Structures are given as structure tokens and as C-alpha cells.
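Peer 1: Here is my input; please provide its structure:
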Amino acid sequence: MIQDISKQKAFEIERKKLEEQILLGQKMESIGTLAGGIAHDFNNMLGVIFGNITYLLETYEAHEEHQELIEVLSDIKDGAERAQSLTQQLLTFSKGGKPVKQLCDIRPIIKESSEFFTRGSRTKCKYCFAENLWFAQVDPGQLNQVVSNLVINANQAMPEGGIITIIVENSIIDLTNSLLLPPGNYLKIMVKDMGKGISKENAANIFDPFFTTKSKGSGLGLTTTYSIIKKHNGHIAVDSKVGQGTTFVIYLPASDSTPNRLDKKSITVHVGKGKVLVMDDDEQVQQMTGRMLCRMGYEPHFAIDGRHALEMYQEAFNQKESFKFVILDLTVPGEMGGKIAVQKLMQIDPNVKAIVSSGYSNDPVMADYQSYGFCGILPKPYSSVQLAALLNGIFED
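Peer 2: All right, here's what the predicted structure looks like:
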């Protein structure tokens, strides 16, 4: 008796592949959770370094006799900013949630990211930015990661070196477009390399999770890129022919708004007075933020968790000596964090001005802070300049 078992064999092969994908997915999810936790803790430590460095730079920048010290501090600050970029990538990898968008000129983000990842290689970047480019509401850290992934791919496609051409232009999409995008104004970003190109078969799978043609790598870089662009309500596609290089094309919705044209001093300097409540379980973060607030003219008070903050705020409110604003850490392990604390603070004082701060800069609360009762966000690590700019915006409004 002869039995055809080819279908059964094919089914077994597909089942085994599916089981491997599920196991790999579970493994990557565990790694993602670990990465997110590491990034959060690292951002807290980095926040102390970054905040204190910017504080010292402000202290000595007006004194020419300390020029060498200023140069050293500036180098440390640059290193801290690069470390911040790395933790942002870890957070995005760990499924950090919605992008925390802000109105941006995307050109400096693109240049900084691409130059960082081609530094020291045989590859050079050529930029073609159209005049009068529109602005966009984007998450700078996530856009940085998108550009990084595309530039790294382009760089690896040209091991002998070459030119990566990055073109950014305004684009108007109408109802008849084939991109499945709503009609409107968009920024079109093109990243072109001179590499060996991608076959049609591979191009069809290039954004799939774990798909890679490289001997090393997780196959998550372009999947993450695709996810970020979709979360920005945009579109990404690839155009490639073997032997003719590859072009990635991105469309991001443009904004009708333009940044406020304030002079640099008005943005980076803030002066105020009154009591301020800072809730953070890290004593070094408390001290760093306290120094910044004291220099601005405030009187900082500190709480280690949400319950302690509520007690202090209630007591001050009863004595008609309310805090001018509060800064709440979003996550306090084992205790009440900022998300719950702000709701209870609003029950005490509906007019409370609360700022949420977190090393989880991609947390959904950070992306939609106003819906949770906050008036501003302060992602860790932050500088005195960033704190000043935030407070100017809050009290200007």
C-alpha cells in the first residue's frame, strides 16, 4: 500500500516553522522587556550626569579663564547625549508605545543621525533639502532611529564605500494616490545607496519581523522602522533593483504650524518664585533638579513617592501655601507613581500644575500627558535648558 504523505510533510514543516517563530517571538519579547527596564534605569542614572553637567556649563560658560574646563564638560555632555540616543533605541525596541511628538524641523535630526552612523566609514552622506521645508509633528528619538536603521543598511550595502543620498522635499498627496494615505501635505524622505540592490523576492519581505539576508542581526531594524512610520501615520516603501542600488521612500504628515520664533535667551532662561514639589525616589535626581530650580528662583521641596507627595501637597493647600507646580516621576517601584498621584492631586486642587517625568520616554502617558491631567512632560535625562523651556511654555500659556 502506497500513501502520499507529501501534504503531511509540508504541514509538519510549516508547523515547525510556526513553533520556531512563536518561540523566537517570545524570546524577543522577553529581551524587549529587559531592554526597556535597563533603559529606564540607565536614563535615571544618565539624568543625574546630564543634568549636573548642563548646570556646571551654565555656571562657568561666562568665565573665559575656565575655557578648558568648559571644553571637557562639553565633551562629557556630548557623550551623555549619544548615550541618551542609545537608550531611546532600547525603549523603542521594547515596544515603548506611542511616539511622543513635538513640532520639529526634521533636517538637523536627519543630519545628526546619519553622520553619527557613517563617522569613520568609507561612506559619505549627501543631503538635498528643499527650500522652505514644512515642519512635522514627530518623536525626535524615534525619527532618529528610523534614519539610523536606513543609513546603517545603506552603509552595509556598500562595504567598499560610496555615497548615501538623502533627499527631503515637500509633497502634496491627493485623493487619487496609491499609497493609502489621507490627502494632505507630507514630507517625502528618500534614502538612496549605491549598493548591490535587493531582489524582488527579498524586497517583498523586507519589513517582516526577523527577516534578514545578513549573517548577523536580528532582522528587527526595518520592522521597527516600519512600525515607527506607521505610528506617525506615514508610509514607507522600498524601490530596488539588483546591481542598481536601493531607495527607501518615507512620507510623513506635515504640520501647518511653525515653532515660536523666540530668541534663544527667552527659551533657555526661566525665572520664577514660590514653592515647588518634586516627587522622585532617586535622591540624586532630587538634588540635581533642586539645584536647577533654586537657580531659577524657586524653593524646592521633595517627596520620595506619590503618597508622600499627596500628604505634603494637602498640608500646604490647607495652609493656603500651595505649590506653584509639581514634578512627578511616572514610575516609582512598589509605590504610588505619578499617574495615580496626579488624579488624587486634582481632587485636592483642580488647578494643580503637574509635570510628568520619566525614564520611560515612550510610555503612553508621556505621549498623551494632557489626557491624564498633566500640563507638561520632562523625559529623563533632561537639562536645565529643557526644564527652563518647559516652564516658559507652561507659564507663558
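Peer 1: Do I have it right that Pro183 meets Ile173?
Peer 2: Yes: shown here, Pro183 and Ile173 form a contact pair, counting by C-beta atoms under 8 Å, at 5.4 Å. All C-beta atoms are positioned from the backbone trio N, CA, C, and that covers glycine.
Peer 1: Look at the two and report which has more neighbours.
Peer 2: Regarding Pro183 and Ile173, a neighbour count based on other C-beta atoms under 10 Å identifies Ile173 as having more, with 17 against 11.
Peer 1: Next one, pLDDT for the more buried one please.
Peer 2: pLDDT recorded at Ile173 is 92.
Peer 1: can you pull the contacts of Ile53?
Peer 2: For Ile53, the contact set (C-beta atoms under 8 Å, 6 or more residues apart in numbering) comprises Leu73, Ile76, Lys77, Ala80.
Peer 1: between the residues you listed, which is closest to Thr268?
Peer 2: Of all these, Thr268 sits closest to Lys77, with 14.3 Å by C-beta to C-beta.
Peer 1: Now name the helix or strand holding the closest residue to the closest one other than its chain neighbours.
Peer 2: Leaving out its chain neighbours, the residue that sits closest to Lys77 by C-beta to C-beta, 6 or more residues apart in numbering is Ile53, at 4.8 Å. Under the criterion DSSP states H and E, the helix or strand holding Ile53 is helix 6-60.
Peer 1: Which residue ranges of the stretch 101-250 of the chain form helices?
Peer 2: Assignment of helices within the stretch 101-250 of the chain using DSSP state H, counting those that start in this stretch yields the ranges 106-118, 140-156, 200-204, 221-231.
Peer 1: want to throw the ones you listed into CSV with mean neighbour count, distance to Phe395 and mean pLDDT?
Peer 2: CSV is the format used below for the helices of the stretch 101-250 of the chain (neighbours: other C-beta atoms under 10 Å; distance: least, C-beta to C-beta, whole Å; pLDDT from 0 to 100):
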stretch, mean neighbour count, distance to Phe395, mean pLDDT
helix 106-118, 18, 27, 88
helix 140-156, 23, 24, 88
helix 200-204, 12, 52, 74
helix 221-231, 19, 31, 83
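Peer 1: how about the ones you listed in JSON lines, adding distance to Val191?
Peer 2: Formatted as JSON lines, these follow (distance: least, C-beta to C-beta, whole Å):
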{"stretch": "helix 106-118", "distance to Val191": "8"}
{"stretch": "helix 140-156", "distance to Val191": "4"}
{"stretch": "helix 200-204", "distance to Val191": "15"}
{"stretch": "helix 221-231", "distance to Val191": "10"}
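Peer 1: Out of the ones you listed, flag the one nearest Cys128.
Peer 2: helix 106-118 (10.9 Å).
Peer 1: Next, the angle from the closest one to helix 140-156.
Peer 2: Using axes from the mean of the first three to the mean of the last three C-alpha atoms, to 10 degrees, the direction of helix 106-118 lies 40 degrees away from that of helix 140-156.
Peer 1: Which residues does helix 106-118 contact?
Peer 2: For helix 106-118, contacts defined as C-beta under 8 Å, 6+ apart pick out 82, 85, 124-125, 127, 129, 133, 135-136, 138, 140, 143-145, 147-148, 151-152, 155, 164, 166, 168, 187, 189, 252.
Peer 1: try stretch 224-244
Peer 2: Contacting residues not belonging to stretch 224-244 are listed as 92-93, 98-99, 101, 138-139, 142-143, 145-146, 149-150, 179-182, 186, 196-199, 203, 206-207, 246-253 [C-beta under 8 Å, 6+ apart].
Peer 1: what do you get if the cut-off is 6 Å, keeping everything else the same?
Peer 2: The list of residues contacting stretch 224-244 from outside it, by C-beta atoms under 6 Å, 6 or more residues apart in numbering, reads 99, 142, 146, 149, 179, 181, 197-199, 203, 206-207, 246-253.
Peer 1: what's the offset of it from the middle of its chain?
Peer 2: Mean-position distance between stretch 224-244 and its chain equals 19 Å (C-alpha atoms, centre = their mean, to the nearest Å).
Peer 1: now do the same end-to-end measure for that stretch.
Peer 2: With C-alpha to C-alpha, to the nearest Å as the measure, the first residue of stretch 224-244 is 25 Å from its last.
Peer 1: name the element the closest residue in space to Cys294 that isn't next to it in sequence belongs to?
Peer 2: Residue nearest to Cys294 in three dimensions, not counting chain neighbours: Pro300, with 6.5 Å by C-beta to C-beta, 6+ apart. Of the helices and strands defined by DSSP H and E, Pro300 is found in strand 298-303.
Peer 1: Who are the packing partners of that strand?
Peer 2: The criterion is 3 or more C-beta pairs under 6 Å, 6 or more residues apart in numbering; DSSP states H and E, and the helices and strands that strand 298-303 contacts are strand 274-279, helix 283-296.
Peer 1: Most tightly packed of those?
Peer 2: Looking across the helices and strands packed on strand 298-303 with neighbours counted as mean count of other C-beta atoms under 10 Å, the highest average goes to strand 274-279: a mean of 22.
Peer 1: Now Asp349, what are its backbone angles?
Peer 2: Reported as degrees, to the nearest 10, the phi and psi values for Asp349 are phi -140, psi 100.
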